[in-house]
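Engineer: please work out how this folds:
(chains A, B, C and D)
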Amino acid sequence: MATIRVQTADFDPQAEAEALTAGRRDVGALVTFTGLCRDEGGRLAALELEHYPGMAEAEIARVVAEAERRWPLLGVTVIHRSGRIAPGARIVFVATAASHRAPAFAAADFLMDYLKTRAPFWKKEHGLDGRAGDWVAAKDEDDRAARRWDG
Amino acid sequence: MATIRVQTADFDPQAEAEALTAGRRDVGALVTFTGLCRDEGGRLAALELEHYPGMAEAEIARVVAEAERRWPLLGVTVIHRSGRIAPGARIVFVATAASHRAPAFAAADFLMDYLKTRAPFWKKEHGLDGRAGDWVAAKDEDDRAARRWDG
Amino acid sequence: MKASYFAWVRERIGKAGEEIAPPDSVRTCAELIAWMAGRGEEYAYAFENPQIIRVALDRAHARPDAPIAGAREVAFFPPMTGG
Amino acid sequence: MKASYFAWVRERIGKAGEEIAPPDSVRTCAELIAWMAGRGEEYAYAFENPQIIRVALDRAHARPDAPIAGAREVAFFPPMTGG
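Structural biologist: Numbering: from 1, shown residues only, chains lettered A, B, ... in the order given. Just a heads-up that it's a prediction; the model follows:
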């Protein structure tokens, strides 16, 4: 039921969202999250996303399965890009379909928090000065956000 | 900054979402909610949405202003349809853009809860038997959901 | 003042709106509902359960104890079910 | 067993992966990190702050006290920053 993809290419959010509702009359709520590359006040030329092939898909599938266990979902899509991504471009996409809005919102929010802290992706910043910059540091606030869903 | 529309026509979620991010490099998170007409297990032929012209737009604008006061948003769009809507069709759309995911998720969730309980729209069910059915009753759970955001 | 009715309030009264002229003794939204209920059989039916009727003054939600003085437009409707 | 390195762990070691053969005395992920740190200067640098290194066994997250016995693949990397 879930669609999970890790890819270098961009994706079409509308096509992905409509695939969750096409031909259905039981979906009352569709939530999408699109994560985009910011230029950090003009400082960034690009983000480079490294991932662990095989584990990335497997870990996303585990997170999706946990969301499906917690909420009555009618469909889930998660797409995460890897490689070099320019400011303004899409990085990640989560869509959740449900009969009612509360589970659709909660599951999408949960999926993003868990992907941030569990899916094996790492961001490196490339500055406008042409040099490869630092690896982005993990944020305490992301860990706190993920812990909101504990017990 | 906010786009607010009440209309009988359908809308294009992708075009609306892209209008919030086009030409920008500071948006890191875009959340959309689309509310769709369910057929309630095959029972419904359509929903009819009545609204209070003038007040509907004004009240949505007040709810949006409250969301903008609570969270650092870079853009908000709310579209609510009126008139007869068939199962599977879109009823309502909320999109929020922000630098980070937490305010984008919270604001979209808040907007839907508040629209449900404050925007002057009323749903009437039309059954497959051809008769106009009952007005949908307001749900206690919607009031409870809206009260989550109190103080 | 101009009165508007929506959803089943409109259906029970049998019209979408009309001009009304409540006496000066009617000061609040709650008192206005009570006065409306006494205007005839269809009004008594529409307002039989006054505590669930919502009131808007000049297109903004108003509480039962809100004064109606100065309002040019009043609307009566059931709890909202949009979204 | 096959070892893979990601992000700055990969950059510090200077390669994406290799075959490793820890002795039987190395039983847990935490012990494996300590053993890796002793394999040379670049490894000492990559693992200088062992408590922030994450370990995956056969492509699933593993805690520091998880036993490594039976794993065919181990990966070392910093905290994730995707999404």
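
Engineer: can you pull the residues of chain A lying near chain C?
Structural biologist: Taking C-beta under 8 Å from any C-beta of the partner chain, the part of chain A that reaches chain C is made up of A:Arg101. All C-beta spots, glycine's among them, are computed from the backbone N, C-alpha and C.

Engineer: where does the most centrally placed residue in chain A fall, secondary structure wise?
Structural biologist: For chain A, A:Val92 is the residue whose C-alpha lies nearest the centre (C-alpha atoms, centre = their mean; 4.0 Å). According to DSSP states H and E, A:Val92 maps onto strand A:90-98.

Engineer: next SSE after that strand?
Structural biologist: Next in sequence after strand A:90-98, counting helices and strands by DSSP H and E, comes helix A:101-118.

Engineer: that next one near chain D at all?
Structural biologist: Yes - using C-beta under 8 Å from any C-beta, helix A:101-118 reaches chain D at A:Met112, A:Leu115, A:Lys116, A:Thr117, A:Arg118.

Engineer: just want the angle from that helix to strand B:90-98.
Structural biologist: Interaxial angle of helix A:101-118 relative to strand B:90-98 (axes from the mean of the first three to the mean of the last three C-alpha atoms, to 10 degrees): 30 degrees.

Engineer: buried ones in the following helix or strand past helix A:101-118?
Structural biologist: Sequence-wise, the next helix or strand downstream of helix A:101-118 (DSSP H and E) is strand A:121-127. Going by neighbour count (16 or more other C-beta atoms under 10 Å in any protein chain shown), the buried part of strand A:121-127 is A:Phe121, A:Trp122, A:Lys123, A:Lys124, A:Glu125, A:His126.

Engineer: out of the residues you listed, who's near chain D?
Structural biologist: Answer for the buried residues of strand A:121-127 near chain D (C-beta under 8 Å from any C-beta): A:Phe121, A:Trp122, A:Lys123, A:Lys124.

Engineer: was I right about C:Tyr12 contacting C:Glu42?
Structural biologist: Quick fix: residue C:12 is Arg, not Tyr. Yes - assessed by C-beta atoms under 8 Å, C:Arg12 is found in contact with C:Glu42 at 6.0 Å.

Engineer: can you pull out the helices in the chain?
Structural biologist: Since you didn't name a chain, this refers to chain A. Under the criterion DSSP state H, helices of chain A are mapped to A:13-21, A:55-70, A:101-118, A:140-147.

Engineer: wrong one, chain C
Structural biologist: Under DSSP H, chain C gives helices at C:7-13, C:29-37, C:41-46.

Engineer: figure out which of those is closest to chain D.
Structural biologist: Smallest distance to chain D across the helices of chain C (C-beta to the nearest C-beta): 43.0 Å, for helix C:7-13.

Engineer: what is the mean pLDDT for the closest one?
Structural biologist: For helix C:7-13, the mean pLDDT works out to 98.

Engineer: next one: that helix to chain centre, how far?
Structural biologist: 11 Å (C-alpha atoms, centre = their mean, to the nearest Å).

Engineer: list the buried ones in the lowest-mean-pLDDT helix or strand in chain A?
Structural biologist: One helix or strand of chain A scores below all others by mean pLDDT, DSSP states H and E: strand A:132-135, with a mean of 84. Under the neighbour-count criterion of 16+ other C-beta under 10 Å, strand A:132-135 has A:Gly133, A:Trp135 buried.

Engineer: what residues does chain A have near chain B?
Structural biologist: Remark: the part of chain A in contact with chain B comprises A:12-14, A:17, A:21, A:23-39, A:41-42, A:87-88, A:99, A:101-102, A:104-105, A:108-109, A:112, A:145, using C-beta under 8 Å from any C-beta.
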